[in-house]
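>>> Model the structure of this input:
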Amino acid sequence: MKQIKNQKIEKRKRRHRRIRAKVRGTSVCPRLSVFKSNKYLYGQLINDDKGMTVASVSDVALSEKKKETKTIRARLLGKEMAMSAAKKKISAVVFDR
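Model prediction:
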């Protein structure tokens, strides 16, 4: 079982390196990274030039308040990410996946 888990992790890392070789975020157009766990969704706007996160949003707070489906929480997460980007005067992003 442990060997299968290590293989999955290694495949994810290889896939991530392959994508990151092609996708790069800047201060004008940051990279949008989305992570989906079994329970929650997370989104980050990343400036790769400086190596820092510009904005981040998760649906952890949304799911604790209401029992919504994951699809509805994803839609709310996207709207919240857009509002967060608009506050920082970001109008375009590069999608990581």
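>>> Neighbours of V94, how many?
17 (other CB atoms under 10 Å). To be clear about C-beta, it is placed using only N, CA and C from the backbone, and glycine gets the same treatment.
>>> Spatially nearest residue to it, not counting backbone neighbours?
R31 (5.0 Å; CB to CB, 6 or more residues apart in numbering).
>>> Surely that neighbour touches L45?
Yes - assessed by CB atoms under 8 Å, R31 is found in contact with L45 at 7.2 Å.
>>> what's the overlap in contacts for those two?
Common contacts of R31 and L45 (CB atoms under 8 Å, 6 or more residues apart in numbering): 25, 93.
>>> From K89, how far off is D96?
For D96, the distance to K89 equals 21 Å [CB to CB, to the nearest Å].
>>> Over to I46?
16 Å.
>>> and the two? which has more neighbours close in?
Shown here are I46 and K89; by other CB under 10 Å, I46 has more neighbours (21 against 7).
>>> a strand runs through that one, doesn't it?
Yes - under DSSP: H, G, I helix; E, B strand; the rest coil, I46 sits within a strand.
>>> ok, it - contacts?
So I46 contacts 25, 30-33, 52-54 (CB under 8 Å, 6+ apart).
>>> what is it paired to in the beta sheet?
According to DSSP bridges, the residues that bridge with I46 are R31, T53.
>>> can you list the weak-confidence ranges in this protein?
1, 63, 65, 97 (pLDDT under 70).
>>> Would you map the strands across it?
Under the criterion DSSP state E, the chain contains strands at 31-36, 41-47, 52-58, 94-95.
>>> Can you spell out which helices and strands pack onto the first one?
So that's strand 31-36. Packing contacts for strand 31-36, counted by 3 or more CB pairs under 8 Å, 6 or more residues apart in numbering; DSSP states H and E, involve strand 41-47, strand 94-95.
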